[in-house]
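> here are the coordinates; sequence isn't available:
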């Protein structure tokens with residue numbers, strides 16, 4: 001099993017800007033070798049072989065990096081132009097140079113061109129097929145107490161249909177939103193492998209979710225948005 005600190009450490013390394021100047025002749029083996037200088041990497045050769053994918057197969061460039069013109073190439077706006085709304089200015093203010101995408105985004109977009117994906121398990125990055133990743137069943141717990149609300153408060157507002165009806169309804173809203181917004185075809189109710197199980201322990205409300213690494217990251221971003229600024233979305 002991988003502890004939360006181990007997972008956080010791997011993700012922190014993967015979320016750094018990519019520093020690799022990979023060319024168009026990049027292969028799976030080269031990508032794994034280079035990535036191995038940052039984090040431990042394992043290639044799921046068995047799953048790749050089942051799809052007939054060779055480690056020396058070239059990966060298309062799935063990430064296009066756009067860099068704006070430098071400030072030298074753009075005329076600076078005068079004071080009268082700056083006073084106008086930005087969308088009506090005759091000259092746009094140059095933006096600071098855009099950096100590279102994160103390493104995770106870079107490798108994810110590249111591997112996707114071959115229907116490959118990464119998993120984070122046991123402190124390692126595993127390069128495997130998208131099909132295998134969907135069956136990985138990596139379980140994470142998400143504390144959704146701020147979204148569900150206090151159990152005592154919920155009980156005081158319910159009808160005669162049962163003391164947990166409104167709480168269950170709020171669970172349903174969160175689960176439905178996740179299954180609708182995050183890769184709908186992956187969830188069990190549509191025949192997929194991923195599952196969500198709500199659970200209440202003492203005064204805390206949790207979602208136990210079994211799915212792939214990349215889907216977990218999408219779910220985390222979605223729940224973070226719901227929790228943004230401490231405001232409740234449900």
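Received, thanks. Treat the numbers as computed from the prediction; the structure is a model and nothing was measured. Numbering: from 1, shown residues only.
> now the helices for the chain?
Per DSSP state H, the chain carries helices over the ranges 4-14, 28-35, 45-50, 79-82, 103-112, 130-134, 145-148, 151-156, 165-181, 213-227.
> closest to residue 121 out of those helices?
Shortest distance between residue 121 and the helices of the chain, using CB to CB, is found for helix 213-227: 7.6 Å. Bear in mind the C-beta positions are built from the backbone N, C-alpha and C, glycine included.
> JSON lines for the helices of the chain, including distance to residue 120 and mean neighbour count?
As requested, these are exported to JSON lines (distance: least, CB to CB, whole Å; neighbours: other CB atoms under 10 Å):
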{"stretch": "helix 4-14", "distance to residue 120": "5", "mean neighbour count": "14"}
{"stretch": "helix 28-35", "distance to residue 120": "12", "mean neighbour count": "18"}
{"stretch": "helix 45-50", "distance to residue 120": "16", "mean neighbour count": "14"}
{"stretch": "helix 79-82", "distance to residue 120": "46", "mean neighbour count": "11"}
{"stretch": "helix 103-112", "distance to residue 120": "10", "mean neighbour count": "20"}
{"stretch": "helix 130-134", "distance to residue 120": "11", "mean neighbour count": "19"}
{"stretch": "helix 145-148", "distance to residue 120": "25", "mean neighbour count": "18"}
{"stretch": "helix 151-156", "distance to residue 120": "33", "mean neighbour count": "13"}
{"stretch": "helix 165-181", "distance to residue 120": "19", "mean neighbour count": "17"}
{"stretch": "helix 213-227", "distance to residue 120": "5", "mean neighbour count": "17"}
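> nearest to residue 205, of those helices?
Comparison of these against residue 205 by CB to CB identifies helix 145-148 as nearest, at 4.1 Å.
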